[in-house]
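Undergrad: Got a sequence here, can you model it:
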Amino acid sequence: MSPFLVMSLLFGLVFGQTAALCVPSEYTIHVEKRECAYCLAINTTICAGFCMTRDSNGKKLLLRSALSQNVCTYKEMLYQTALIPGCPRHTIPYYSYPVAVSCKCGKCNTDYSDCVNEKVRTNYCTKPQKLCNV
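TA: Take a look at the predicted model:
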């Protein structure tokens, strides 16, 4: 086997493992309440990355449980609470959000994750923005 081919295989294995990481990634959540004067931009971490999946071409032959695909999801998380500025006294001005501590490839749990196939653009502000770095 030629040295070039060996080096190419080693590079592919190393890069393939690097690209396959499911890790906490920086993300900005935009939060606003109708009663409050501002939209709060919160910097947090979410789980993002690539997880190995199976090709389900034989789905007519397989059990439904065998068709579920792994997603990048929370292994460990904690919740932080932020204060939304500009809220009147009768409004609860707090917002709690998850912070990914560690991630794993596994089945999507709808108790704390959005498991839809299509991305919906809802992460934006309609009011003046305040930044929250926690």
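Undergrad: Now E35: phi and psi?
TA: phi -80, psi -20 (degrees, to the nearest 10).
Undergrad: Tell me, how many residues neighbour it?
TA: By the criterion of other Cβ atoms under 10 Å, E35 has 13 neighbours. C-betas here are computed from N, CA, C, even on glycine.
Undergrad: Could you report the separation of the spatially closest residue to it that is not a sequence neighbour from G49?
TA: Excluding the flanking residues, the one nearest E35 by Cβ to Cβ, 6 or more residues apart in numbering is T91, at 4.4 Å. With distances taken as Cβ to Cβ, to the nearest Å, T91 is found 37 Å from G49.
Undergrad: cool, I29 as well?
TA: Counting by Cβ to Cβ - I29 and G49 are separated by 19 Å.
Undergrad: now R89
TA: Note on R89: its distance to G49, by Cβ to Cβ, is 43 Å.
Undergrad: Of these two, which one has the most company?
TA: For R89 versus G49, the count of surrounding residues by other Cβ under 10 Å is larger for G49: 15 against 5.
Undergrad: got a list of what the more buried one touches?
TA: Listed by Cβ atoms under 8 Å, 6 or more residues apart in numbering, the contact set of G49 reads A20, L21, C22, V23, S25, C72, C103.
Undergrad: ok, so of the residues you listed, who is nearest P128?
TA: S25 (26.9 Å; Cβ to Cβ).
Undergrad: Just list whatever residues bridge to the closest one.
TA: I46 (DSSP bridges).
Undergrad: I'd like the distance between the nearest residue to C47 once chain neighbours are set aside and C22.
TA: The spatial neighbour of C47 that comes closest, neighbours along the chain excluded (Cβ to Cβ, 6+ apart), is C103 at 3.7 Å. Distance of C103 to C22, given as Cβ to Cβ: 5 Å.
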